[in-house]
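[1] after the sequence you'll find the predicted model.
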Amino acid sequence: QVQLVESGGGLVQAGGSLRLSCAASGLIFSLHAMGWFRQAPGKEREFVAGISRSAGSTYYSDSVKGRFTISRDNAKNAIYLQMNSLRPEDTAIYYCARGALGSSGRLSQDYNQWGQGTQVTVSS
């Protein structure tokens, strides 16, 4: 059974930083692109960042490009999201996601499983 468990969320002031982690189990991790999504209150879940199986390629939404960095450690079955220069509009539940086998991780429709999420709140 695949499990994706996020951690690292919290409350931070605008301009601050947080690092999210996602621990994956129950899958051959290196075969999957991985990513991060978020959902703010009253809004649909949106793609934030993706990373290819080998970490050779990364993808970002325009809203976080230049501020967030996605990375992965295939030896630890983990991915990370370093979030800098946080803004109040970044407030959301952040979800780790697994890409479908064979997908690049570039598109939101590449993903077919999500974790339970971790809350990130940015105060102004």
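    Arrived safely. Predicted model, so just to flag it, every value in this text is computed and none were measured.
[2] measure the residue lying closest to Ser7 once chain neighbours are set aside to Phe29 for me?
    Setting aside the residues directly before and after it, Ser7 is nearest to Ser21 in space (CB to CB, 6 or more residues apart in numbering), at 5.1 Å. For the C-beta atoms, the positions are set from N, CA and C on the backbone; glycine is no exception. Using CB to CB, to the nearest Å, one gets 14 Å for the distance from Ser21 to Phe29.
[3] which of the two has more residues huddled nearby?
    Phe29 (20 against 17; other CB atoms under 10 Å).
[4] give me the pLDDT for that one.
    Per-residue confidence for Phe29 comes out at a pLDDT of 96.
[5] report the contact partners of the closest residue to it other than its chain neighbours.
    With CB to CB, 6+ apart as the criterion, Phe29 has its nearest non-adjacent residue at 4.3 Å, and that residue is Asn77. The neighbourhood of Asn77, defined by CB atoms under 8 Å, 6 or more residues apart in numbering, consists of 23-25, 29.
[6] what's the PyMOL line that selects buried ones from the residues you listed?
    The PyMOL selection below is limited to those of the contacts of Asn77 classed as buried (16 or more other CB atoms under 10 Å):
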select buried, resi 23+24+29
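[7] can you give the contact residues for stretch 7-18?
    Outside of stretch 7-18, the residues within contact range by CB under 8 Å, 6+ apart are 19-23, 82-88, 94, 118-124.
[8] actually stretch 54-68, sorry about that
    The contact list for stretch 54-68, computed with CB under 8 Å, 6+ apart, reads 30, 35, 46-52, 69-72, 74, 81-86, 89-90, 104-106.
[9] coming back round to it: which among the contacts of stretch 7-18 end up buried?
    Listed as buried from those are 20-23, 83, 86, 94, 118, 120, 122; burial here means 16+ other CB under 10 Å.
[10] show me the strands in the protein, by range?
    If DSSP state E is used as the criterion, the strands of the chain fall at 3-7, 10-13, 18-25, 34-39, 46-51, 58-60, 68-73, 78-83, 92-99, 111-114, 118-123.
[11] so who does the most centrally placed residue in the chain touch?
    Centroid check for the chain by CA atoms, centre = their mean gives Trp36 as the closest residue, at 2.1 Å. Trp36 sits next to 20, 22, 48-50, 70, 79, 81, 94-97 when contact means CB under 8 Å, 6+ apart.
[12] noted, bye for now.
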